[in-house]
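> Have a look at this prediction, sequence included:
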Amino acid sequence: MRPSRLDVPLVRFLSALYMGSILAQLIVTIGYPYASRADFILYKMHHAVSLYSTYIGASYPAMPYYANVCYMMQLSNPSVYLRVILKELGYKDSKFYMWNFVVMGVTFAVCRVLVTSIATFNLVKVMVFQDAFSRLPLHVSLCYIMGALVFNGLNYYWFSLMCKRAIDRVFGKEKEQKL
């Protein structure tokens with residue numbers, strides 16, 4: 001069996017569930033934006049590509065490995081959401097907020113930066129060395145290429161912001177700005 005054509009019903013079912021979750025998040029966030037305008041545009045772009053990718057994952061039996069990578073990226077979400085909740089409740093200066101930031105950074109680095117980089121490397125290998133990728137319908141192959149570009153770009157951007165924030169906090173720039 002060719003790895004580019006593999007029907008895994010559980011992965012397709014999870015893609016359909018995840019697509020519903022993304023759509024709900026997008027609707028709620030459009031109604032109640034909590035980020036700056038620039039971040040909000042990136043957030044909508046991320047969710048638009050996620051909707052398209054999960055639609056392909058749910059409707060077309062191809063390369064379920066990449067759908068599973070998408071689910072692995074979501075492992076960083078609980079700490080991201082907890083960070084927003086703690087900030088809104090006024091716990092931004094607490095140790096719990098700081099440790100949540102550490103957990104968020106580690107899970108983000110592993111689940112979104114490292115895993116997606118490996119997946120992109122594997123995707124390039126499939127594209128270059130397997131003829132099966134070229135036989136995928138255009139909308140499916142574009143989904144994988146566009147998803148890799150958008151998700152990697154956004155993940156690297158968001159991770160760089162986390163690193164900058166951590167460096168500022170460690171070296172005191174954040175504390176100096178408060179004074």
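In hand now; what should we look at?
> Run the chain-centre distance for stretch 63-80.
Its chain's C-alpha centre and that of stretch 63-80 lie 7 Å apart, by CA atoms, centre = their mean, to the nearest Å.
> make that stretch 74-90, sorry
For stretch 74-90 - counting by CA atoms, centre = their mean - the centre lies 15 Å from the chain centre.
> just stretch 22-35 next, same as before
Per CA atoms, centre = their mean, the centroid offset for stretch 22-35 relative to its chain is 16 Å.
> buried residues in that stretch?
Using 16 or more other CB atoms under 10 Å as the test for burial, stretch 22-35 gives Ile22, Leu26. Where you see a C-beta, it was placed from the backbone N, CA and C, and this is true even at glycine.
> who's in contact with Ser15?
Thr54, Tyr55, Gly57, Ala58, Ala67 (CB atoms under 8 Å, 6 or more residues apart in numbering).
> The third one: neighbouring residues, count only.
The reference is to Gly57. For Gly57, the neighbour count with other CB atoms under 10 Å is 28.
> right, and it touches Pro9 too?
No: with contact taken as CB atoms under 8 Å, Gly57 and Pro9 are classed as non-touching, separated by 11.8 Å.
> which residues of this protein score low on pLDDT?
Scanning the chain for pLDDT under 70 picks out 1-5, 33-38, 173-179.
> Just give me the neighbour total for Pro78.
Neighbour number of Pro78 under other CB under 10 Å is 13.
> same thing with Trp99?
So Trp99, with other CB under 10 Å, has 11 neighbours.
> Please give the element, helix or strand, for it.
Element membership for Trp99 (DSSP states H and E) is helix 95-108.
> How about residues contacting that helix?
75-76, 79-80, 82-83, 86-87, 91, 155, 158-159, 162-163, 165-166, 169.
> Let's see which of the residues you listed end up in helices.
Of the contacts of helix 95-108, the ones assigned to helices by DSSP state H are 79-80, 82-83, 86-87, 155, 158-159, 162-163, 165-166, 169.
> After the host helix or strand of Leu23, which helix or strand is next?
Element membership of Leu23 [criterion: DSSP H and E] is helix 9-31. Counting by DSSP H and E, the next helix or strand C-terminal to helix 9-31 is helix 37-59.
> Quick check: buried residues in that next one?
Neighbour-count burial for helix 37-59, counted by 16+ other CB under 10 Å, picks out 42-43, 46-47, 49-58.
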